[in-house]
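Colleague: got a sequence here, can you build the structure:
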Amino acid sequence: MKKLTTPHLLVGTAANCPDIRYATSFDAPDDVYVLVLPETTFLIVSDMEYGRAIEQAQRCEVECPSSLNRLPDKRHYFLPSLFFLLEKFEVTSLEVAERFPVGIVKELEKHRITIDVVPASPFSEKRAVKRPDEISHIAKTQKAAQAAMKAVEKAIRDAVPGKDGILYLDSEPLTSERAKEIIRSVVLANNCIDEGTIVAGGAQGANPHEAGSGPLKEGEWIVCDIFPRDLTTGYWGDMTRTFMNGKPSSEQKRMYKAVHDAQKKALATIRNGIFGSTVHKATSKALEKAGFETFIDDKGIPQGFIHSTGHGVGLEIHEEPRLSISGGRLKTGMVVSVEPGLYYSELGGVRIEDLVVVSADGVTVL
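Modeller: Sure thing, here's the model as predicted:
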């Protein structure tokens, strides 16, 4: 057999190394090894997982210590099995991703295997463009996000402001924590899990990734960002809306309109062949034209449009491509979030986010 010099090795679980799920369609709670050769991909699992992996894994050959007649190592369970395959296929060099476990690298180097750290895996480019089944999985998860968003919207709308300005629902304060419980119950009912839902009111909403805590109040923007992951497929959804119980001031109205218009501009710009950087520049320009500047205040805190316009969503909540200042060319089938936002300490935050599929002449909103 021709000597192979640049196979790729993956180590981890489908949760912490999504390439494993993409390469094999297999999910397990414990680490597995995936050896990607030019002609064949090998999935190495424990003896306990071998039967399930044979039934569930796709696009790969499944092995375990027993199937290869190799006793597991006490410290690095699968290394004897991996070394057997490397020797069988005359592999002396492996590529690994930047976050590959350093302990495994050291063991491979002891075995005289050359390790090259590369910025991207063999699946990075493929994962950026979604297959039809992947788009269906994301759309299904997005429906869970939408259902949860409707539930929290109703809670905020039905809440009654007290004399202290705090919103009350069923005579109890409506807090960020309580709102997140409402979201979580709907997400779980849709076979998904929420891993960091944001419900941030008032000044808290001026920090884009502030999860939010405490009572929600009348007349303040409430940023609700829901990003569930489907427990069966592993694909994510992502949706943000900004609500208010009460009457917004003229400046708050102007702020919301600017974000809404900027999102429409971004959506109108996206299509096959356009650069993510072009979309981001168009979004930034729309917000600046509306009179909202981005700057660093006297406390050193960024104000205005302080993040990118969007990002890819799939087996990771943030993946390629990027709608940012350095974003590359978009292709048909890519799924991206479109989420312009404005953040000011005195006004709070406003963000609107939808997921779209890039097409030849525009987008399809999920």
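
Colleague: rest of the way, CA atoms for contacts and neighbours
Modeller: Fine.

Colleague: pull out the CA atoms of stretch 148-160 and give them to me as PDB.
Modeller: These are the backbone C-alpha positions of stretch 148-160, laid out as PDB (Å, rounded to 0.1, in the frame of the first residue of the first chain):
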ATOM      1  CA  ALA A 148     -39.700  29.100  23.300                       C
ATOM      2  CA  MET A 149     -39.500  32.700  22.100                       C
ATOM      3  CA  LYS A 150     -43.300  32.900  21.700                       C
ATOM      4  CA  ALA A 151     -43.700  31.700  25.300                       C
ATOM      5  CA  VAL A 152     -41.300  34.200  26.800                       C
ATOM      6  CA  GLU A 153     -42.800  37.000  24.700                       C
ATOM      7  CA  LYS A 154     -46.200  36.100  26.100                       C
ATOM      8  CA  ALA A 155     -44.900  36.200  29.600                       C
ATOM      9  CA  ILE A 156     -43.400  39.600  29.100                       C
ATOM     10  CA  ARG A 157     -46.500  41.000  27.400                       C
ATOM     11  CA  ASP A 158     -48.900  39.600  30.100                       C
ATOM     12  CA  ALA A 159     -46.800  40.800  33.000                       C
ATOM     13  CA  VAL A 160     -48.200  43.800  35.000                       C
END
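
Colleague: residue 231: how many residues sit nearby?
Modeller: 14 (other CA atoms under 10 Å).

Colleague: that one: what's it in contact with?
Modeller: 191-193 (CA atoms under 8 Å, 6 or more residues apart in numbering).

Colleague: any idea which residue sits dead centre in this structure?
Modeller: residue 317 (0.3 Å; CA atoms, centre = their mean).

Colleague: how much space between that residue and residue 357?
Modeller: Using CA to CA, to the nearest Å, residue 317 is found at 15 Å from residue 357.

Colleague: residue 166 too?
Modeller: 39 Å.

Colleague: so between those two, which is more surrounded?
Modeller: The residue with more neighbours, out of residue 166 and residue 357, is residue 357; 23 against 19, by other CA under 10 Å.

Colleague: give me the beta-bridge partners of that one?
Modeller: residue 335, residue 364 (DSSP bridges).

Colleague: now find how far off-centre stretch 25-37 is within its chain.
Modeller: 20 Å (CA atoms, centre = their mean, to the nearest Å).

Colleague: how long is stretch 213-222 end to end?
Modeller: End-to-end for stretch 213-222, by CA to CA: 11 Å.

Colleague: where do the helices sit along this structure?
Modeller: For the chain, the helices defined by DSSP state H cover 18-24, 47-56, 79-88, 102-110, 124-128, 132-158, 176-189, 250-269, 276-289.

Colleague: which residues are contacting the helix or strand of the chain with the lowest mean pLDDT?
Modeller: Comparing every helix and strand of the chain by mean pLDDT, DSSP states H and E singles out helix 124-128 as the least confident one, with a mean of 92. Helix 124-128 is contacted from outside by 22, 312, 314, 319-321, 334-335, using CA under 8 Å, 6+ apart.

Colleague: could you give the number of residues near the closest residue to residue 155 other than its chain neighbours?
Modeller: Nearest residue to residue 155, sequence neighbours excluded (CA to CA, 6 or more residues apart in numbering): residue 169, at 7.1 Å. Residue 169 has 16 neighbours, counted by other CA under 10 Å.

Colleague: got the contact list for residue 169?
Modeller: 155, 158-160.

Colleague: separation between it and residue 266?
Modeller: Distance from residue 169 to residue 266, by CA to CA: 36 Å.

Colleague: OK, contacts around residue 197?
Modeller: 180, 211, 224-227.

Colleague: and of these, the nearest to residue 90?
Modeller: The shortest gap between residue 90 and any of the contacts of residue 197 belongs to residue 227, at 43.9 Å (CA to CA).
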